[in-house]
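1. sequence and predicted model, in that order:
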Amino acid sequence: DIQMTQAPSSLPASLGDRVTITCRASQDIGNYLRWFQQKPGKSPRLMIYGATNLAAGVPSRFSGSRSGSDYSLTISSLESEDMADYYCLQSKESPLTFGSGTKLEIK
Amino acid sequence: EVQLVESGGGLVQPGRSLKLSCAASGFTFSNYGMAWVRQTPTKGLEWVASISTGGGNTYYRDSVKGRFTISRDNAKNTQYLQMDSLRSEDTATYYCARHGGDYWGQGVMVTVSS
């Protein structure tokens, strides 16, 4: 199975900060990488697909990038509504696998 | 508006069965692969199973193979997850999702306990 190693597990940050969350794939997944945001009591929301493509309705302060087997989600200027859990997902092959999640919280 | 509505969750004893349903609306159901994803506080999000548009291809995580069966009825715009031989480690919130995760249901709780 493809392992997705996500870091950090917790990220204290201030409003207006630029923050980056990273996932590393244990084998080649190309651009089959998605990012999800999940707020307490809510279902996950697709933020990024194809490693770099913004999903519909997602603010432009979110972006995705890839460097080799490392994938990043960046928020350019943190807003209060961005406080949530974030997960990566590889959809290259079954079983699809999620990262362990990052809790983004106010410092 | 796309909607996915799960039902069928609840409390069940170990070894027993439960069947989840997911009613879809707002899109052409038969054009999309579908999936079930579960979540626990300790294990996070876990993909459980996927099914192709026509239902001919199904995929499962190893821990549920032989116990869970994903299926769909395109005439009813509904997908299902038949869960047999349930174990305590299957306790989770189960989400129905369109393949790729662009739409999710609200989730349904499954608790396996004696």
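-> Cool, the structure landed.
2. which bits of chain A sit near chain B?
-> Neighbours of chain B within chain A, by Cβ under 8 Å from any Cβ of the partner chain: A:34, A:36, A:43-46, A:49, A:55-56, A:87, A:89, A:91, A:94-98, A:100-101. Heads up, the C-betas are built off the backbone N, CA and C, glycines and all.
3. next step: those residues restricted to strands.
-> A:34, A:36, A:45, A:46, A:49, A:87, A:89, A:97, A:98 (DSSP state E).
4. burial of the closest residue to residue B:107 other than its chain neighbours, as a residue count?
-> Leaving aside its chain neighbours, residue B:107 sits nearest to residue B:93 (4.4 Å; criterion: Cβ to Cβ, 6 or more residues apart in numbering or on different chains). Residue crowding around residue B:93 was assessed by other Cβ atoms under 10 Å in any protein chain shown; the count is 19.
5. repeat for residue A:32
-> 17.
6. so how far is residue A:49 from it?
-> Going from residue A:32 to residue A:49 by Cβ to Cβ, to the nearest Å gives 9 Å.
7. next: residue A:78.
-> According to Cβ to Cβ, residue A:78 and residue A:49 sit 22 Å apart.
8. tell me the SS of the spatially most central residue of chain B?
-> In chain B, the C-alpha nearest the mean C-alpha coordinate belongs to residue B:36, at 3.5 Å (Cα atoms, centre = their mean). Following DSSP: H, G, I helix; E, B strand; the rest coil, the label given to residue B:36 is strand.
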